[in-house]
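**Q** Here's a sequence, model it:
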Amino acid sequence: MVEKPLAGEKNSDAASTWMLVVAGAMINAEGLVLMHQRPCGKMYAGLWEFPGGKVEASEMPMQSLVRELREELGIQADPAGLVPAGFAQDMAREGRLPIVLLLYALRAWSGEPQALEGGAVDWFAPSQVLQLPMPPLDRELATALFG
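**A** Numbering: from 1, shown residues only. Predicted structure coming up:
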């Protein structure tokens, strides 16, 4: 059943029924792409993904990605250097909200990326990225970028 807005409300005033996620396609000077392997105990554990995470209610997507890259990888990215590279979305499943994933490309940052929240990080040629086991939305974005 679809809930209708109350009198005087618009559909856009309703609580969010989907999750906004951001990710970064970090590309170094040699053209290699940094991928993050999801840690044990998390959904899609062991699969490779573009690093990033959920957008908080008080953040714009670029601010969120800068924060996520700092927390996850220990690097500092400049929001001005983030270039929109694509998006992917899926429907709700397994008791979770639908996801919209925004991907940004970045070629400059300060610091050496490390897997600060578990898992692993590594650099791959674009053709190698396409061979990695990935969650469905990351696969869709990788194919659009490098396929």
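
**Q** any idea how far Leu47 is from Leu137?
**A** Distance, Leu47 to Leu137, using Cβ to Cβ, to the nearest Å: 11 Å. The way it works is simple: take the backbone N, C-alpha and C, and place the C-beta from them, glycine included.

**Q** Next: Leu101.
**A** 5 Å.

**Q** can you list residues touching both of the two?
**A** Common contacts of Leu101 and Leu137 (Cβ atoms under 8 Å, 6 or more residues apart in numbering): Ala88, Gln89.

**Q** Please enumerate the helices of this protein.
**A** Taking DSSP state H, the helices of the chain run over residues 61-73, 126-129, 136-146.

**Q** elements contacting the longest one?
**A** Contacting helix 61-73 under the criterion 3 or more Cβ pairs under 8 Å, 6 or more residues apart in numbering; DSSP states H and E are the following elements: strand 19-26, strand 33-37, strand 52-54, strand 99-106.

**Q** wait, which of those is closest to Gln114?
**A** Checking the helices and strands packed on helix 61-73 against Gln114 by Cβ to Cβ gives strand 33-37 as the closest, at 10.4 Å.

**Q** Compute the inter-axis angle for that closest one and strand 99-106.
**A** Interaxial angle of strand 33-37 relative to strand 99-106 (axes from the mean of the first three to the mean of the last three Cα atoms, to 10 degrees): 140 degrees.
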